[in-house]
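# my questions are about this predicted structure, shown below with the sequence.
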Amino acid sequence: MKRFKFPSPFTVLYIIIIISALATWLMPAGSYDTLAYDAAQEAFIVEGRQSGTLPATQKTLDSLGLQMDFSKFEEGKIRRPVSIPGTYTQQESQPQGFWAIVYAPIKGIYETIDIILLVLIIGGFIGVFALSGAFDKGISYLSVKLRGREKWLIILVTTLIAIGGTTFGMQEETVALYPILVPVFLAAGYDLVVPVACIYGGSSVGLMGAITNPFETIIASDAAGISWTVGIYSRLAMLVIGLIITIHYIIRYAEKVKKDPSKSLLHGLDIKSPFAGIKPKGTSVSLDLKTRVLLILFGATFVLMIYGVSSLGWWFEEMTALFLLAAFLLGLIQRSGESAFVKAFIDGAKDLLGVALIIGVARGITIVMNDGKISGTILNYAADAVSNTSGLVFLPLLMLVFFVLAFFISSSSGLALVSMPIMSALANIVGVPTEEIVNAYIFGFGLMMFVAPSGIILPSLSMVNVNYNTWLKFVSPLMLRLAVVGIVILCLGFLI
């Protein structure tokens, strides 16, 4: 019998879209009323069963059971609608049929066109840079310098990306890092699983221990009605302990593979590296001035991107413009000529076209569930499941609930705003500090991000031609350990 081959990311995502559509036939439709702030009218707009306009005051929020500070709305920190506790109602079923399944990935591509365009422009940027040959020389040079110290590459990359994840939610941006870092890991003697573990795993553990991430920690805290600094020590403990466990786990696997390549999870799978053409030389090579300038410009582009996102408020439009401008500068320094530049840029974009499309198809899952009106039903089931338990049981269960919810709603800010007002309202009933509700959300969401098909993991794996099932085999033991750490921290936060 032929060995079973795991389906491609496109097939996996389409299967999930079909399952989501089937769920809209089997589950009752329902939703919570939502509240949004209209700055022009200086009023709250309620959508749902009791649609209308309410006075924009703290008293209104209190009367609705929303333990939130009105100033957060005035300051623009809460811009998206939030769910109102106790308002869930079943609605007329909206089952999603054949055409909904067909249109889902198309609508998803429309909704994620900003991310898709960034990926394609990055591909063109990489293609222009590869044209110079500086990549080959730089990797050869670095492989010699790292000889005997390869472990520090794992420690450094994982730590830096985890810092990005915990501070400003770095994850989508990591797609841009594979072309520059994967050849370095290959030159160090590791397999293709290791760079994914360091890059994507680093960002996920950063999200799981998010300290100042505005899209996760701050929005969730505001939606729960507390300051984001409350409960920060639990998140710091999760970040530090989780990072140590993750780095140790990666190093142990990487060194095992380096000593015996047959121990690799990719052994015998005929996985072709997308960077197979880069062959580091056995001896150090000298870097001429032009090569140094190109390498500096290449690296500086990524540094500027990270700085812009974390400090200047950049998002996809600015990042895309940055890589397009950097590609032009690389072409000018190389003096490659207009024809060669355009060809290299298009070829590079073409290499990442599959990755770009996966991002759009993944968004189709959320579209099907929202159009079928089952997202609110899933949230209501989750709230009921944990509402009548003791504190020590409630928090681990709530972390599990958020872990499951993150599978369906992979947006950190979106999940926080629809779920946190509901779950934080349960805190007083169960007798659990509100900050531990926020931490349970952060731990559960971050843990799911290691494997969520609707997130960035499938595009990341496509960058290195690694199958999803291989990643699951690698990361499952790590996730179990991190889950235990998260549960222990939550329980200690409740008891102390």
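In hand now; what should we look at?

# ramachandran angles for Leu54?
Phi and psi for Leu54, reported as degrees, to the nearest 10, are phi -120, psi 150.

# what's the burial count for it?
Using other C-beta atoms under 10 Å, Leu54 is surrounded by 16 other residues. Any C-beta I mention is one placed from the backbone N, CA and C, and that applies to glycine too.

# who's in contact with it?
Leu54 makes contact with Leu35, Ala43, Phe44, Val46, Thr60, according to C-beta atoms under 8 Å, 6 or more residues apart in numbering.

# tell me how far it lies from Leu66.
When distance is defined by C-beta to C-beta, to the nearest Å, Leu54 is 11 Å away from Leu66.

# same check, this time on Ile155
In terms of C-beta to C-beta, Ile155 sits 43 Å off from Leu66.

# could you do Leu153 as well?
For Leu153 relative to Leu66 (C-beta to C-beta), the value is 47 Å.

# more neighbours: those two, which one.
Leu66 (24 against 21).

# quick one: contacts for that one?
Contacts of Leu66 by C-beta under 8 Å, 6+ apart are Leu35, Val82, Ile84, Pro85, Gly225, Pro421.

# by neighbours, which of those wins?
Ranked by the number of neighbours (other C-beta under 10 Å), the contacts of Leu66 place Val82 first, at 27 neighbours.

# test my guess that that one contacts Pro421.
Yes. With contact defined as C-beta atoms under 8 Å, Val82 and Pro421 form a contacting pair (5.3 Å).

# what residues are shared contacts of these two?
Leu66, Met68, Ala223.

# distance check, the nearest residue to Thr34 once chain neighbours are set aside against Glu47.
Of all residues not flanking Thr34 in the chain, Pro81 sits nearest, at 3.7 Å (C-beta to C-beta, 6 or more residues apart in numbering). For Pro81, the distance to Glu47 equals 7 Å [C-beta to C-beta].

# which residues of the stretch 251-400 of the chain fall in helices?
Listed in chain order, the helices of the stretch 251-400 of the chain (DSSP state H, counting those that start in this stretch) span 289-311, 316-334, 338-351, 353-371, 375-386, 391-408.

# name the residues that touch the second one?
Read that as helix 316-334. Under C-beta under 8 Å, 6+ apart, the answer for helix 316-334 is 114-115, 117-118, 121-122, 124-125, 128-129, 131-132, 173, 176, 290, 293-294, 297-298, 301, 304-305, 308-309, 312, 314, 341, 345.

# then the fifth one?
By C-beta under 8 Å, 6+ apart, the residues outside helix 375-386 that reach it are 27-32, 83, 88, 90, 369, 394, 397-398, 401, 404-405, 408-409, 418-419, 422-423, 426.

# which helix or strand in the protein has the lowest average pLDDT?
helix 134-145 (a mean of 66; mean pLDDT, DSSP states H and E).

# just the buried residues of the contacts of helix 316-334.
Among those, the ones that count as buried by 16 or more other C-beta atoms under 10 Å are 115, 117-118, 121-122, 124-125, 128-129, 131-132, 173, 176, 294, 298, 301, 305, 309, 314, 341, 345.

# which residues are in contact with Trp228?
By C-beta under 8 Å, 6+ apart, the contact list for Trp228 reads Thr212, Thr217, Ile218, Ser221, Asp222.

# could you work out the most separated pair of the residues you listed?
Thr212 and Asp222 (13.1 Å; C-beta to C-beta).

# if you count surrounding residues, which of these two has more?
Neighbour count, other C-beta under 10 Å: between Thr212 and Asp222, Asp222 has more, with 25 against 16.

# which residue is the nearest non-sequential neighbour of the residue most central in space within the chain?
Centroid-nearest residue in the chain, with C-alpha atoms, centre = their mean: Gln171, separated by 4.3 Å. Nearest residue to Gln171, sequence neighbours excluded (C-beta to C-beta, 6+ apart): Ser203, at 4.6 Å.

# over to Val430?
Leaving out its chain neighbours, the residue that sits closest to Val430 by C-beta to C-beta, 6+ apart is Phe394, at 4.9 Å.

# for the one you found, report the pLDDT, please.
Per-residue confidence at Phe394 stands at 86 (pLDDT).
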